[in-house]
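Asks: next input, structure requested:
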Amino acid sequence: MEPKNTISSSIKNRIETFKEGYIFTYLEFQNASKNKEAIIKCLSRMADAGKLYRFSKGKYYKPIKGDHKVIGPDVNEIIKDLLEKNGEPIGYITGINVFNKPAINTPIHNTILIGRNTFKPPLYRSIYTIEFVLQRNVITKDNIEILQVLDCLKMINKIPDTNRDNVISIIGKIIRKYNKHQIDLLIDKWNIK
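Replies: Just a heads-up that it's a prediction; the model follows:
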């Protein structure tokens with residue numbers, strides 16, 4: 001095992017390279033399995049000293065410093081482990097948060113809906129409630145936007161502060177920009193839904 005002051009200084013140096021709001025665990029550090037206890041203890045001490053913040057058990061983040069206050073991590077950081085595994089997509093954001101793009105809807109919603117191929121019970125992280133929708137289609141980087149459009153059509157009556165005609169008009173504009181391959185994929189995925 002490395003001397004503690006070497007471990008501590010290497011952890012601090014590594015944390016300096018992280019962007020503000022980035023959520024991480026002890027596994028992001030060199031020799032994580034060999035020095036697990038020392039790394040966890042160092043992270044815990046840094047959190048107690050206010051240099052890091054605990055997001056949840058075993059997860060920390062480098063605070064985003066705003067004017068006179070600390071801001072928590074970005075929503076994408078909070079849910080990144082639910083959307084991707086080993087660089088491959090396992091889920092995607094859908095529902096009201098996709099529809100919150102200015103073209104469709106403007107309110108901010110604290111329930112995040114994620115489409116996945118496996119069922120998962122709801123989770124609570126930070127100020128967000130995370131719910132899951134079972135997606136029968138295979139999820140790839142290339143078809144996420146198409147799956148979101150299909151979800152939008154499926155949930156058309158649940159989108160707040162807008163009407164069906166407005167949503168259909170906006171979806172029509174999105175689909176008109178698709179190339180032939182994307183349109184074929186949309187039709188193919190529609191048949192599976």
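Asks: what is the least confident helix or strand in this protein?
Replies: When each helix and strand of the chain is scored by mean pLDDT, DSSP states H and E, helix 96-99 comes last, with a mean of 66.
Asks: which residue ranges make up each domain of this protein?
Replies: The chain breaks down by automatic domain parsing into domains covering 4-70, 77-192.
Asks: mean pLDDT lowest for which of those domains?
Replies: Lowest mean pLDDT within the domains of the chain: domain 77-192, at a mean of 81.
Asks: let's have the domains of the chain in CSV, adding mean neighbour count.
Replies: In this view, the C-beta of every residue, glycine as well, is placed from N, C-alpha and C. CSV is the format used below for the domains of the chain (neighbours: other C-beta atoms under 10 Å):
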stretch, mean neighbour count
domain 4-70, 14
domain 77-192, 15
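Asks: give me the element Phe55 is part of.
Replies: strand 53-56 (DSSP states H and E).
Asks: show me what that strand is packed against.
Replies: strand 59-61 (3 or more C-beta pairs under 8 Å, 6 or more residues apart in numbering; DSSP states H and E).
Asks: name the helices or strands packed onto the helix or strand just after the strand it packs on?
Replies: Later in the chain than strand 59-61, the nearest helix or strand by DSSP H and E is strand 64-65. Other helices and strands packing on strand 64-65, by 3+ C-beta pairs under 8 Å, 6+ apart, are strand 70-71.
Asks: helices of the chain, residue ranges please.
Replies: For the chain, the helices defined by DSSP state H cover 4-17, 36-48, 75-83, 96-99, 144-154, 164-176, 180-192.
Asks: can you say which of those helices is nearest to Ile130?
Replies: Among the helices of the chain, helix 75-83 comes nearest to Ile130, with 6.4 Å by C-beta to C-beta.
Asks: which residues are in contact with the closest one?
Replies: Under the contact criterion C-beta atoms under 8 Å, 6 or more residues apart in numbering, helix 75-83 has outside partners 21-23, 55, 61, 89-93, 112, 114, 116, 120, 123, 125-126, 128, 130.
Asks: contacts made by stretch 85-94 with the rest, please.
Replies: By C-beta under 8 Å, 6+ apart, the list of residues contacting stretch 85-94 reads 79, 82-84, 112-117, 132-133, 135, 139-141, 144, 147-148, 151.
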